[in-house]
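Engineer: coordinates for the following, if possible.
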Amino acid sequence: MTRRIFIDADACPVKAEAERVATRHGVKMVLVSNGGIRPSQNPLVESVFVAAGPDEADKWIADACGPGDVVVTGDIPLAAKCVAAGARVVKHNGEELTAANVGMALATRDLMADLRSADPFRQGGGKMFSKADRSRFLDVLDRVLR
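Structural biologist: The predicted structure is shown next:
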C-alpha cells in the first residue's frame, strides 16, 4: 500500500515539519492549495494547485485520500470526509481525529458557529498556535507514520 501525506496547505503552519517527517519516513507528501505557496525542491513533495474558490483544495483532498494516507488539516468537515475514506487525520496542533471523535468535533464546530452568529459582539475564543502544538504535531505525525 502506498502511503501519502496530504497537506491542506493554504493556511497550514506545519508544512516544513511535515516535510521533515515525510522525508525521514520516505513517504510522498502532497501540498494542496489555491496557489501562493512556494513549491519544494524535495523530490518526495508534490505541489497541487487547484482552482480558486471556496473548498476546492478540500474537495481535491477528500477525493484523493484513502486507507493508509494521512491528511493534515484544521478543517473539521474535510477531516470527517477523510476519516470516512479511511485516511488518518492529524490537526496542526497534533490532535488526531478518528471515527470515534470526529463527530463530536463537527458538533462542537457547528455549535460554536451558531453561538458566534447569535452574538455579533462575541470576540475570539481561539488560542494561539504554540511551540508545544508544533512539537505535539511532530510527535503525532511520526507515530501515525510508524
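Engineer: buried set for stretch 97-116?
Structural biologist: The neighbour-count check on stretch 97-116 (16 or more other C-beta atoms under 10 Å) flags 97, 102, 105 as buried. For the C-beta atoms, the positions are set from N, CA and C on the backbone; glycine is no exception.
Engineer: what about these, which are in helices?
Structural biologist: Secondary structure assignment by DSSP state H places 102, 105 of those in helices.
Engineer: tell me the one of the buried residues of stretch 97-116 nearest V140?
Structural biologist: Closest to V140 out of the buried residues of stretch 97-116 is L97 (10.9 Å), distances taken as C-beta to C-beta.
Engineer: show me what contacts the residue of the chain most remote from its centre?
Structural biologist: In the chain, the greatest distance from the average C-alpha position (C-alpha atoms, centre = their mean) is reached by F121, at 29.5 Å. By C-beta atoms under 8 Å, 6 or more residues apart in numbering, the contact list for F121 is empty.
Engineer: which regions of the protein lie under the pLDDT threshold?
Structural biologist: For the chain, applying pLDDT under 70 flags the ranges 1-2, 109-110, 114, 122-126.
Engineer: what do you get if the cut-off is 50, keeping everything else the same?
Structural biologist: Of all residues in the chain, none has pLDDT under 50.
Engineer: before I go, just wanted to say thanks for your time.
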